[in-house]
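Asks: no FASTA, just this:
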């Protein structure tokens, strides 16, 4: 069983991340699933009628505006990082939290490494599915790398100079 970091703790994964090529007929009715955006586009009505939890995952090129009107249907939004150097979804997470007011889980998936965790948490991620070869317990130390932040972000809307005034 895969373990993820969620809200600063290592927990067992309970959601099933479905493959890009999955079809609607093989999806169980009561499991908690995270579906690819294409499946959501094609079968949103049927997916909303399921009994289990529902999440969606977006690839690096997918725009959050496509599902902005549907955010209330998702308990989890998983944002894929295809490579450690591709940070496009950092902006997506920030928009989810600040522009759209999304309160559910925002999860980083794909090529996610310890070095990214502190910055990803700042922009709105609260769950992290690390790359399979990485230890989630070791990665927890990333949240202790800095004791103070200067810039405003999703996790701290005021910059340091405003907080000190």
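Replies: Received, thanks. All figures in this text were calculated on a predicted structure; none of them were measured in a lab.
Asks: Can you show me the helices along the protein?
Replies: Along the chain, the stretches classed as helices by DSSP state H are 37-48, 88-98, 114-123, 136-139, 160-164.
Asks: Out of those helices, which gets nearest to residue 3?
Replies: helix 136-139 (5.1 Å; C-beta to C-beta). (Glycine included, C-beta is placed from N, CA and C.)
Asks: Just name whatever secondary elements that closest one is in contact with.
Replies: Identification of packing neighbours for helix 136-139 by 3 or more C-beta pairs under 8 Å, 6 or more residues apart in numbering; DSSP states H and E yields strand 3-6, helix 114-123.
Asks: Indicate each strand paired with the first one and its parallel or antiparallel sense.
Replies: For strand 3-6, the pairing partners within the sheet under DSSP bridges are strand 9-12 (antiparallel), strand 127-128 (antiparallel).
Asks: which sections of the protein are below the confidence cut-off?
Replies: Low-confidence segments of the chain, defined by pLDDT under 70, span residues 1.
Asks: Can you tell me which residue sits nearest the middle of it?
Replies: The centre of the chain sits closest to residue 107, judged by C-alpha atoms, centre = their mean, with a distance of 1.8 Å.
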